[in-house]
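**Q** could you work out the structure for the sequence below:
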Amino acid sequence: MRIERVSDDQFTIFLTFEDLVERGFTREDLWHDATHVKELFSDMMYEASTELGFELEGLLLVHVYLMQAQGMHIIVTQKADPLDYDDDFIEMEVLLDESKELIFCFNDFENIIQVCALLYTLDIHDGQIYSYNDHYYMLLDHRCIDHNKENIIAIMSEYSTPSIITSYRLKEYGKEVMSSKAIDQIMNYFH
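**A** Next up is the predicted model:
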């Protein structure tokens, strides 16, 4: 589990699917077992507050993004609430959202070239590439991955790691290297 403070009233938590399995969860549990999920989020909130020195009170807005291969990215915002709660009361409003895209982080552009050659054989031609904080990121949306998701994840995992950076952050702060048809472009330039 990775925790980062964003501001005085917001922090993020990133859990890989391995972290969830260690805590006794499956992906399906998140959608169907409300009691178990509430316990998970309560535990994570207290772990994060202890690690960051973040005092939890009042209303917490918890936005959970389930990412295809990466795990779960959680954004927690503490809201000033007009109701006068006592110090021990915490209310969580949890929103679940599932990402329909894959994002992988590459240390070297050469690895992207190798992945593109393999994905091209699966008849995948699209994708976007970004540069951010001395790494390259390949983003594939749901149109690319729907029919071959497991194969794509297996191939990309050999050459890269699942990204904990969301597409929103890449698009806002990263440098766009290829905005569309990245796999086709790589194949044209390097093969």
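
**Q** quickly find the element holding the residue nearest to His142 when sequence neighbours are not counted.
**A** Nearest in space to His142, with sequence neighbours left out and distances taken as Cβ to Cβ, 6 or more residues apart in numbering, is Lys100 at 3.7 Å. C-betas here are computed from N, CA, C, even on glycine. Using DSSP states H and E, Lys100 sits in no helix or strand.

**Q** any idea how many residues pack against Lys100?
**A** With neighbours defined by other Cβ atoms under 10 Å, the count for Lys100 comes to 13.

**Q** same thing with Asn111?
**A** Neighbours of Asn111 under the rule other Cβ under 10 Å: 17.

**Q** check which element follows whichever helix or strand it is part of along the chain.
**A** If you go by DSSP H and E, Asn111 is part of helix 109-121. Counting by DSSP H and E, the next helix or strand C-terminal to helix 109-121 is strand 128-132.

**Q** what's that following strand in contact with?
**A** Residues outside strand 128-132 that contact it (Cβ atoms under 8 Å, 6 or more residues apart in numbering): 112, 136-139, 165, 169-171, 173-180, 182.

**Q** now the residue nearest to His142: how far from Arg2?
**A** Using Cβ to Cβ, to the nearest Å, Lys100 is found at 23 Å from Arg2.

**Q** what residues are bridge-paired with Met138?
**A** Beta-bridge pairing for Met138 (DSSP bridges): Phe104, Ile129.

**Q** list the buried residues for stretch 43-63?
**A** For stretch 43-63, a neighbour-count test (16 or more other Cβ atoms under 10 Å) marks Met44, Met45, Ala48, Ser49, Phe54, Leu56, Gly58, Leu59, Leu60, Leu61, Val62 as buried.

**Q** gap between the two ends of that stretch?
**A** 16 Å (Cα to Cα, to the nearest Å).

**Q** phi and psi next, for Phe54.
**A** Phe54 adopts backbone torsions of phi -100, psi 120, taken as degrees, to the nearest 10.

**Q** next, count neighbours for the spatially closest residue to it that is not a sequence neighbour.
**A** Closest residue to Phe54 apart from its sequence neighbours, by Cβ to Cβ, 6+ apart: Phe11 at 6.0 Å. For Phe11, the neighbour count with other Cβ under 10 Å is 21.

**Q** make sure Leu20 is actually in contact with Gly71.
**A** Yes: between Leu20 and Gly71 there is a contact under Cβ atoms under 8 Å: 6.8 Å.

**Q** pretty sure the residue nearest to Phe54 contacts Arg5?
**A** Yes: the criterion here is Cβ under 8 Å, and Phe11 meets it with Arg5 at 4.9 Å.

**Q** find the residues that touch each one of these two.
**A** Joint contacts of Phe11 and Arg5 (Cβ under 8 Å, 6+ apart) are Leu52, Phe54.
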